[in-house]
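> Below are the sequence and a predicted model for it; my questions follow.
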Amino acid sequence: MRQFLKRGSFTIFLLALFELGGFILIPGFQLKNYAGALDQNAYINLISSNFGSQITVPSLFALGLGPYMTALIVWQVITTVDDKTTSRMSQKVSGYWQKGITFVLAALQALAMSKLFLRYRPKTLGFDDETFFWFIFTVLLAGAMLIVWLADVNKDLGVGGVSIFIIPGLVKNLPTVLDSGLKKPLNFSIIGWIIVAIIVILFVYITVFVNEGEYRIPVERIGVNSFLTDSYIPIKVLVSGAMPFMFALSLFSIPLLVVSNLNVNAKLSKIISLLFSYHTWQGIVSYGLIIIVLSYLFAFVNFQPNIIAKSLKESGDYIFNLAPGKETEKYLTGQVNIMSFVGTIYILLIALAPLVVGLYFPIVTNFSFLFGSLFILITILDGISQEILALIYKYRYRIF
């Protein structure tokens, strides 16, 4: 318990620093409400909160965790594709590669956001626009790498790892999610809000239940009596986790952001607006396809059959009636596909059902984003709770 309190206190301190960085504006920008200052996608602030960022506010931590989380996923994909090379790397070298990828991604995003922030017409402190552009770029890039350092320190000395830095942004946006993109705030009656509360509670209960569900593949271990202990490989129902939601919102919004910032002919702009809108059948289908692709992609990022099969073969363990190696890998791949299919159906139900109903009753549309935010929050809190329990019971273990 003492270890948990120590780590928990340190994490709270780091979260306070993270929130403080979000209030430190880049020199030259005045303190004001930037949320609606630019003609951007109505859901842009909601999307950015999924990565602990606030990309409409010119602050030190405007980039948030987006570059780092993307880099970690890219690195996981690389380790899956080229396991032989990456497995020989030390943890230190692997960390350098991850930071390098983060730096490149953060630099690319900082370039785009620096151009965006110049549209706020800040005081350029006596510099020309080009020089001030590179000043903004440097501050944003430095802030992004500082966030990486905070996340790494928290992994070593705190609880929750990288994902805990997403929680404050999600929680802050939950009260306004249902109003996103609407011309006027929702004005439910007391009975209406009670119904909303019941729907939310029911959704949380079902999602927690589904999130805890897993398929267990029995493993035969050499030298271990199976009557005394059971060994198994767990595959979660939601094997892809919350990543499909987090990245689908971002990818779905990119075409509209590009169109709004570039000179695109009217016909192409109309087609893109139709295909990437939450309020058209075509847009809903596009959004669903993105979720399906990401669900299967992240399923194999989170559960890597080739690495698990290799580990079983090297340790001498095996799955009953399956030869170690390729046959085991093929079997595991099939099971991941099955679980991913089940999990994807649930994710699609959460994301698309409110959008479809919203075509006829627009007030329902934003429940898709409310459910998405809650889904992300539930999966993050589940991981953190497991880490906390491990810390609490770590020093209670006794052999006799």
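Looks like it arrived, so ask away.

> Please make it C-alpha for all contacts and neighbour counts, starting now.
Will do.

> Could you work out the end-to-end span of stretch 319-334 for me?
Taking CA to CA, to the nearest Å, the first and last residues of stretch 319-334 lie 14 Å apart.

> do the same with stretch 113-126
Terminal residues of stretch 113-126 are spaced 21 Å apart (CA to CA).

> what are the ranges of the helices in this protein?
2-23, 44-49, 66-81, 83-87, 91-118, 129-157, 167-173, 190-212, 243-261, 266-275, 281-302, 305-315, 326-358, 367-394 (DSSP state H).

> Which strands and helices lie in contact with the longest one?
I take that to be helix 326-358. strand 232-236, helix 281-302, helix 305-315, helix 367-394 (3 or more CA pairs under 8 Å, 6 or more residues apart in numbering; DSSP states H and E).

> next one: the shortest one
Other helices and strands packing on helix 83-87, by 3+ CA pairs under 8 Å, 6+ apart, are helix 66-81.

> Just the CA coordinates for the helix it packs on, please, in PDB.
Written as PDB, here are the backbone C-alpha positions of helix 66-81 (Å, rounded to 0.1, in the frame of the first residue of the first chain):
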ATOM      1  CA  GLY A  66      -0.700  12.200 -30.200                       C
ATOM      2  CA  PRO A  67       2.800  11.900 -31.600                       C
ATOM      3  CA  TYR A  68       4.100   9.700 -28.800                       C
ATOM      4  CA  MET A  69       1.100   7.300 -28.900                       C
ATOM      5  CA  THR A  70       1.300   7.000 -32.700                       C
ATOM      6  CA  ALA A  71       5.100   6.400 -32.500                       C
ATOM      7  CA  LEU A  72       4.500   3.600 -29.900                       C
ATOM      8  CA  ILE A  73       2.000   1.900 -32.200                       C
ATOM      9  CA  VAL A  74       4.300   2.300 -35.200                       C
ATOM     10  CA  TRP A  75       7.100   0.700 -33.200                       C
ATOM     11  CA  GLN A  76       4.800  -2.200 -32.200                       C
ATOM     12  CA  VAL A  77       4.000  -2.800 -35.900                       C
ATOM     13  CA  ILE A  78       7.700  -2.700 -36.700                       C
ATOM     14  CA  THR A  79       8.400  -5.300 -34.000                       C
ATOM     15  CA  THR A  80       5.700  -7.500 -35.500                       C
ATOM     16  CA  VAL A  81       7.000  -7.300 -39.000                       C
END
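
> and the angle from it to helix 305-315?
Using axes from the mean of the first three to the mean of the last three CA atoms, to 10 degrees, one finds that helix 66-81 and helix 305-315 are set 50 degrees apart in direction.

> Going by neighbour count, list what's buried in helix 66-81.
66-77, 79-80 (16 or more other CA atoms under 10 Å).

> And Val336, how far from Ile136?
Separation of Val336 from Ile136 (CA to CA): 44 Å.

> Repeat that for Ile388.
When distance is defined by CA to CA, Ile388 is 39 Å away from Ile136.

> what do you get for Val93?
Taken as CA to CA, the span from Val93 to Ile136 is 30 Å.

> okay, these two: which has more neighbours?
When neighbours are counted by other CA atoms under 10 Å, Ile136 comes out ahead of the other of Val93 and Ile136, with 24 against 12.

> List the contacts of that one.
Remark: with contacts taken as CA atoms under 8 Å, 6 or more residues apart in numbering, Ile136 is in contact with 26, 114.

> what about Leu111, how many neighbours?
Per other CA under 10 Å, the neighbour tally for Leu111 reads 17.

> do the same with Arg119
Each residue near Arg119 was counted by other CA under 10 Å, and the total is 10.

> And for Arg88?
Other residues close to Arg88 by other CA under 10 Å number 10.

> same thing with the one 4 residues further on?
For Lys92, the tally of surrounding residues (other CA under 10 Å) stands at 9.

> what's the distance between Leu251 and Ile47?
Leu251 is 10 Å from Ile47, by CA to CA.

> who has more neighbours, these two?
More neighbours sit around Ile47 than around the other of Leu251 and Ile47, counting by other CA under 10 Å; the figures are 25 against 15.

> Now do that one, the pLDDT please.
The confidence metric pLDDT takes the value 70 at Ile47.

> And stretch 376-392, what's buried?
Within stretch 376-392, judged by 16+ other CA under 10 Å, the buried ones are 376-381, 384, 388, 391-392.

> next one: stretch 215-223
Of the residues in stretch 215-223, those buried (16+ other CA under 10 Å) are 219-221.

> Brilliant, that's me finished.
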